[in-house]
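Novice: Predicted model follows, preceded by the sequence.
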Amino acid sequence: MKYRPLGHTDIKVSALCLGTMTYGEQNSESEAHAQLDRAVDAGINFIDTAEMYPVPPKGNTQGLTERYIGTWLARQGQRDRLIIATKVAGPADWLSYLRDGNLHLDRVNIEAAVNESLQRLQTDYIDIYQLHWPDRSTNYFGKLGYQAVESEQMTPILETLQVLDDLKKAGKIRHIGVSNETPWGLMRYLHLAREHDLPRAVSIQNPYNLLNRTFEIGLAEIAHREGCGLLAYSPMAFGVLSGKYLNGQQPKGARLTLFDRFDRYSNPQVQRATEEYVGLAQQEGLNPAQMALAYVTSRPFVTSNIIGATSLVQLDENLESINTSLSKEVLQGIEAIHTQQPNPAP
């Protein structure tokens, strides 16, 4: 395993982070524990979750992911050797069951969320507490174009940072991060933190993969110059880049077979680009999934690549990507495909 600095902190996180959003939906508690054991044995010290998980979000499963991690942490007994990241949900009409649906990144919601996450995780502190998505109307979750919404209700970013500062002083969180943020949002968080001596974001968790490189357009430079590296999620585009959905295949138990909420990965442009990426990997003697993951991990603005799996076989394959090197010819081939079909799944 390789390790990288987390922002300007003295923490080093594994270049691969274990994503857990299947725990409680596609994975049982025992399967979750087995994955966590395997990942730690492979050198991973970084685990990412969220209060909203598992996905797809449901009222009767909400919080199960953190609970499964919590029972594992209690059994494992090496909390101080791990970096645990979780997230507080922002406004969403599809989360009506969470805090009565009145979700904002304000004091009432953030304090309630962090206390509940600490209880489920069975820990006294959270290493990186992330804002899962913005408390304002903007372009995220696959939406590229920004459209202004007049008179919207939103929590000022300064107020959010002040709450997080209090939680940090109380010892409940160590560092903060943002997620699904825009260039304006990230720079605003960084500016206000500097101006008011408040916690500075150490990471940004946004989607990034061969089918969606939009992070490079406005955020990569910020991540690099400001020391706020990317925690890349969906590096495999929900498994699409493995090639398992090509030619109309619907593997039993696979995420896109089970759930239709991720349809942005099924358009014709995605299919064409995926065929090209899979073909390139096979031509170069590479596993398509490992090529896709190795590309993300190799980007200079990436702090950690969040891998996920529903089986130990998949997890082992994804872990092995840390040992996959991409030649100049492979990188040139990837760029050629990207030029022909850029960002088909934003």
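Specialist: Structure received.
Novice: With Pro346 as the reference, measure out to the residue nearest the centre of the chain.
Specialist: Taking C-alpha atoms, centre = their mean, the centroid of the chain lies closest to Tyr233, which sits 3.6 Å from it. For Tyr233, the distance to Pro346 (C-beta to C-beta, to the nearest Å) stands at 14 Å. Every residue, glycine included, has its C-beta placed from N, CA and C.
Novice: sorry, back to before: and the nearest residue to the residue nearest to the centre of the chain once chain neighbours are set aside, what is it in contact with?
Specialist: Of all residues not flanking Tyr233 in the chain, Ile306 sits nearest, at 4.8 Å (C-beta to C-beta, 6 or more residues apart in numbering). Contacts for Ile306 (C-beta atoms under 8 Å, 6 or more residues apart in numbering) come out as Cys17, Leu18, Gly19, Asp48, Gln205, Leu231, Ala232, Tyr233, Pro235.
Novice: give me that answer again for 7 Å
Specialist: Cys17, Gly19, Asp48, Leu231, Ala232, Tyr233, Pro235 (C-beta atoms under 7 Å, 6 or more residues apart in numbering).
Novice: hmm, back to that, my guess is the residue nearest to the centre of the chain contacts Ser203, does it?
Specialist: No: checked against C-beta atoms under 7 Å, the pair Tyr233 and Ser203 is beyond contact range at 11.3 Å.
Novice: one step back: please identify which pair of the contacts of Ile306 lies farthest apart.
Specialist: Asp48 and Pro235 (12.2 Å; C-beta to C-beta).
Novice: would you turn the contacts of Ile306 into TSV with secondary structure and distance to Lys172?
Specialist: Output for the contacts of Ile306, formatted as TSV (DSSP: H, G, I helix; E, B strand; the rest coil; distance: C-beta to C-beta, whole Å):
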residue	secondary structure	distance to Lys172
Cys17	strand	21
Gly19	strand	23
Asp48	strand	18
Leu231	strand	20
Ala232	strand	26
Tyr233	strand	24
Pro235	coil	30
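Novice: Narrow those residues to those that are buried.
Specialist: Cys17, Gly19, Asp48, Leu231, Ala232, Tyr233, Pro235 (16 or more other C-beta atoms under 10 Å).
Novice: Quick one: end-to-end distance for stretch 232-242.
Specialist: Start-to-end span of stretch 232-242 (C-alpha to C-alpha, to the nearest Å) is 17 Å.
Novice: what does that stretch contact?
Specialist: Residues contacting stretch 232-242 (C-beta under 7 Å, 6+ apart): 19, 205, 207-212, 254-256, 262, 265, 270, 274, 277, 288-289, 292-293, 296, 302, 305-307, 345.
Novice: again with stretch 163-176
Specialist: 9, 107, 110-111, 114, 118, 125-129, 198-199, 201-202.
Novice: For PyMOL, write the select line for the buried members of the residues you listed.
Specialist: A single PyMOL command is used to select the members of those judged buried by 16+ other C-beta under 10 Å:
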select buried, resi 9+110+111+114+118+125+126+127+128+129+198+199+201+202
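Novice: Which pair of the contacts of stretch 163-176 spans the longest distance?
Specialist: Thr9 and Arg107 (25.0 Å).
Novice: how about the helices of the stretch 51-200 of the chain, start to end?
Specialist: Per DSSP state H, counting those that start in this stretch, the stretch 51-200 of the chain carries helices over the ranges 64-76, 107-121, 157-169, 183-196.
Novice: Generate JSON lines for those helices, with mean pLDDT and distance to Gly90 as supplementary columns.
Specialist: What follows is these, written out as JSON lines (pLDDT from 0 to 100; distance: least, C-beta to C-beta, whole Å):
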{"stretch": "helix 64-76", "mean pLDDT": "97", "distance to Gly90": "17"}
{"stretch": "helix 107-121", "mean pLDDT": "98", "distance to Gly90": "9"}
{"stretch": "helix 157-169", "mean pLDDT": "98", "distance to Gly90": "10"}
{"stretch": "helix 183-196", "mean pLDDT": "98", "distance to Gly90": "11"}
